[in-house]
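Okay, structure incoming, though there's no sequence with it:
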């Protein structure tokens, strides 16, 4: 299964594409969409276009997105929500299923504790995917969301088979 993970942000949106059977995962492509515009609606359009290009180029079957956490202030949380909306809309327009995970659930799935630091998550991403190249935290967070979905969906399938 090919999964696109997205770590949304209004200035930097991380993305990561993996192939996974839920047990073994392989890094396909990852990076960041950096918005340049000072105009907020134009930044949302850049996120939408950037995610659309990743979808077209790498043809994931599913999309996993990190949910909004309560930011320091309501305005920041609202902007983050808009960035998520632009990314999710690109996936929905491409007729792909979208799954959402809290930051705590992602950390728990990868590190074993929901209180893990971003650097701990990044370290696990490098180990699990055998990556040596440097990457930013937005990129590793997006790969973490994709891996969380891969592991979660396999466990959900197992549980459905038991009932």
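Received the coordinates, thanks. All values reported here derive from a predicted model rather than from experimental measurement. Numbering: from 1, shown residues only.

hey, let's count contacts and neighbours off CA atoms from now on
Noted.

in the protein, what spans have low per-residue confidence?
Residues of the chain that meet the criterion pLDDT under 70 lie in 69-71, 154-163.

Quick one: the helices in it, in order.
In the chain, the segments counted as helices under DSSP state H are 40-58, 74-93, 103-111, 118-129, 137-162.

So which bits of the fourth one are buried?
Of all the residues in helix 118-129, those buried under the rule 16 or more other C-alpha atoms under 10 Å are 121-122, 124-126, 128-129.

before we move on, what about stretch 96-110?
By neighbour count on 16+ other C-alpha under 10 Å, the buried set for stretch 96-110 is 96, 98-101, 103, 105-110.

Please name the residues that touch the residue lying closest to residue 138 once chain neighbours are set aside.
The shortest distance from residue 138 to any non-neighbouring residue, by C-alpha to C-alpha, 6 or more residues apart in numbering, is to residue 14 (4.6 Å). By C-alpha atoms under 8 Å, 6 or more residues apart in numbering, residue 14 lies in contact with 6-8, 30-33, 138-142.

mind running it again at 7 Å?
Residue 14 makes contact with 6-8, 31-33, 138-139, 142, according to C-alpha atoms under 7 Å, 6 or more residues apart in numbering.

what pairs with it across the strands?
residue 7, residue 32 (DSSP bridges).

Let's have the buried residues of helix 118-129 in CSV, adding distance to residue 80.
What follows is the buried residues of helix 118-129, written out as CSV (distance: C-alpha to C-alpha, whole Å):
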residue, distance to residue 80
121, 21
122, 21
124, 25
125, 24
126, 26
128, 28
129, 28
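
Nearest to residue 67 among those?
Lowest distance from residue 67 to the buried residues of helix 118-129 (C-alpha to C-alpha) belongs to residue 121, with 16.5 Å.

any idea how far the closest one lies from residue 89?
Computed as C-alpha to C-alpha, to the nearest Å, the residue 121 to residue 89 distance reads 27 Å.

what do you get for residue 79?
From residue 79 to residue 89 the distance is 15 Å (C-alpha to C-alpha).

Same check on residue 45?
Computed as C-alpha to C-alpha, the residue 45 to residue 89 distance reads 11 Å.

Next: residue 25.
Shown here: residue 25 relative to residue 89, a distance of 26 Å by C-alpha to C-alpha.

Over to residue 123?
Distance of residue 123 to residue 89, computed by C-alpha to C-alpha: 30 Å.

Then residue 49?
When residue 49 is compared with residue 89 (using C-alpha to C-alpha), they lie 10 Å apart.
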